[in-house]
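Novice: Structure for this input, please:
(one chain, ligands or ions: 1)
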Amino acid sequence: MLDRLKALHAQALDELSKVDSLRELELWRVCHLGKKSTLTRILRSLATLPAEERPGMGTRANEIKRALESSLTEKEESLQRASLASPLESQRLDVTLPGRPFATGRLHPTTKILDEICDVFRNMGFQTIEGPEVEWDYYNFEALNIPQHHPARDMFATLWIDTGIGGKARLLRTHTSPMQIRFMERERPPVRIIAPGRVYRYEATDATHESIYHNVEGLAVDKNITMADLKGVLFQFCRCLFGEDRKVRFRCDYFPFVEPGVEVAIGCSVCDGVGCRLCGYSGWIEALGAGMVHPDVLARVGIEPEVYTGFAFGVGVERMSMLRYGVDDIRLFYGNDLRFLEQF
Ligand code: YSA
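Specialist: Modelled structure (predicted):
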């Protein structure tokens, strides 16, 4: 029996030396120390041995059991250490390496110029408001003196959403001028607001025309407002954006919702006013439309034109950006070319 125990111990240790994973170790444990192992069976059969053999055999069998259990623990610890060490070894970190630079986001040039434009007007006392891009025919046209079949509708190539009668059709707003009406419907003078936002035109694109672009509408209504106020505000606006030296030109223009109407152009920044492809060899780029609010527009929203007068304007935001940064094609703004966008 003692020889059997000795052989059992030696075999168990030999097999243990070949174990190289925790899974194999568990199999080894079941085989040599489990309930059905030979050693357990020997320990259970001690009671059947003659009384004089029992203490010697019992002591030896328990010694072997304890020795195997401690070998098991040692092996388990060494396997666990090895399983931790190998990924640490293969994924070794060099903490002295310089970090990888983050690709930081930035504001789109249109957002930047929009913020700047709004700041300039805010400093002149204008409050900023916003309104819907899907608009009623009434606000986009009718309330602005452009009834159905009026030829001025051709000035605003429109993307219609549905048809309707008497101002009930819906469209994508072609300018931010509807915000004049929406604001004056609910507020009494004095009024001094700007309304920045996206506008839509059913138009072929070229270097100065996009089908989706931005306007900043402006409106001031009070007693004694004159064309001189309009010119003063717009000159100041252009000076803030382009500096003292840039040329600004006012010319008569026609918009049904103003009388008189003007077009404001800025000296082309690409050719410095000499003439180039961008400015159509005129030296000027049209930047905004403006005028004195038509008395009928005021009357329609319940503001007495005999008492109050006002001026309004609509700035082409991307055109401002082009003039400011010397961009020679408006389509670059929404072409999503990072080489362009990263310059801002
Ligand atoms: C006029 C008088 C007012 O009392 C108030 C506002 C206005 C402006 C009017 N609502 C309007 O939209 N006029 S506009 O068609 O001439 O456009 C205004 C500005 O937007 C233009 O001066 C130009 O700078 C820009 N713009 C026009 N069409 C564009 C464009 N920018 C990019 N793409 C287009 N397709």
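
Novice: Quick check: bridge partners of the nearest residue to residue 172 once chain neighbours are set aside?
Specialist: Leaving aside its chain neighbours, residue 172 sits nearest to residue 200 (3.8 Å; criterion: CB to CB, 6 or more residues apart in numbering). For glycine as for every other residue, the C-beta is placed from the backbone atoms N, C-alpha and C. Beta-bridge partners recorded for residue 200 (DSSP bridges): residue 212.

Novice: quick one, what contacts residue 200?
Specialist: By CB atoms under 8 Å, 6 or more residues apart in numbering, the contact list for residue 200 reads 133, 159, 172-174, 211-212.

Novice: now do 10 Å
Specialist: By CB atoms under 10 Å, 6 or more residues apart in numbering, the contact list for residue 200 reads 133-135, 156-159, 171-175, 210-213.

Novice: now residue 150
Specialist: Contact analysis of residue 150 by CB under 10 Å, 6+ apart lists 141-142, 144, 256.

Novice: Please convert the buried members of those residues into ChimeraX selection syntax.
Specialist: This is how ChimeraX selects the buried members of the contacts of residue 150, with burial counted by 16 or more other CB atoms under 10 Å:
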select :141,142,144,256
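
Novice: want to try TSV for the contacts of residue 150, with distance to the ligand, pLDDT and secondary structure as columns?
Specialist: Below are the contacts of residue 150 laid out as TSV (distance: CB to the nearest ligand atom, whole Å; pLDDT from 0 to 100; DSSP: H, G, I helix; E, B strand; the rest coil):
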residue	distance to the ligand	pLDDT	secondary structure
141	11	96	coil
142	15	96	helix
144	8	97	helix
256	9	96	coil
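
Novice: Enumerate the residues of the stretch 151-300 of the chain near the ligand.
Specialist: Selection of the stretch 151-300 of the chain residues close to the ligand by CB under 6 Å from any ligand atom yields 175, 177, 201, 203, 209-210, 213, 215, 255, 257-258, 261, 286-291.

Novice: at 8 Å instead, please
Specialist: For the stretch 151-300 of the chain, the residues in contact with the ligand (CB under 8 Å from any ligand atom) are 155-156, 174-177, 180, 199, 201, 203, 205, 208-211, 213, 215, 217-219, 253, 255, 257-258, 261, 263-264, 285-291, 293.

Novice: circling back: farthest pair within the contacts of residue 150?
Specialist: Pairwise distances across these peak at 10.5 Å for 142 and 256 (criterion: CB to CB).

Novice: what ranges do the strands span in the stretch 101-250 of the chain?
Specialist: Remark: strands assigned in the stretch 101-250 of the chain by DSSP state E, counting those that start in this stretch are 127-128, 134-136, 159-162, 170-172, 191-200, 212-222, 248-253.

Novice: Ranking those by mean neighbour count, which comes first?
Specialist: A comparison of the strands of the stretch 101-250 of the chain by mean neighbour count, using mean count of other CB atoms under 10 Å, puts strand 212-222 on top with a mean of 22.

Novice: ok, residue 33 to residue 66 distance?
Specialist: 10 Å (CB to CB, to the nearest Å).

Novice: so what's residue 30 up against?
Specialist: By CB under 10 Å, 6+ apart, the contact set of residue 30 is 36-37.

Novice: Three-state assignment for residue 314, please.
Specialist: strand (DSSP: H, G, I helix; E, B strand; the rest coil).

Novice: And it, how close does it get to residue 96?
Specialist: Distance, residue 314 to residue 96, by CB to CB: 58 Å.

Novice: Pick out whichever of these two has more residues nearby.
Specialist: More crowded of residue 314 and residue 96, by other CB atoms under 10 Å: residue 314, with 21 against 5.

Novice: Surely the more buried one touches residue 262?
Specialist: No. Contact criterion CB atoms under 10 Å: residue 314 and residue 262 do not qualify, at 11.3 Å.
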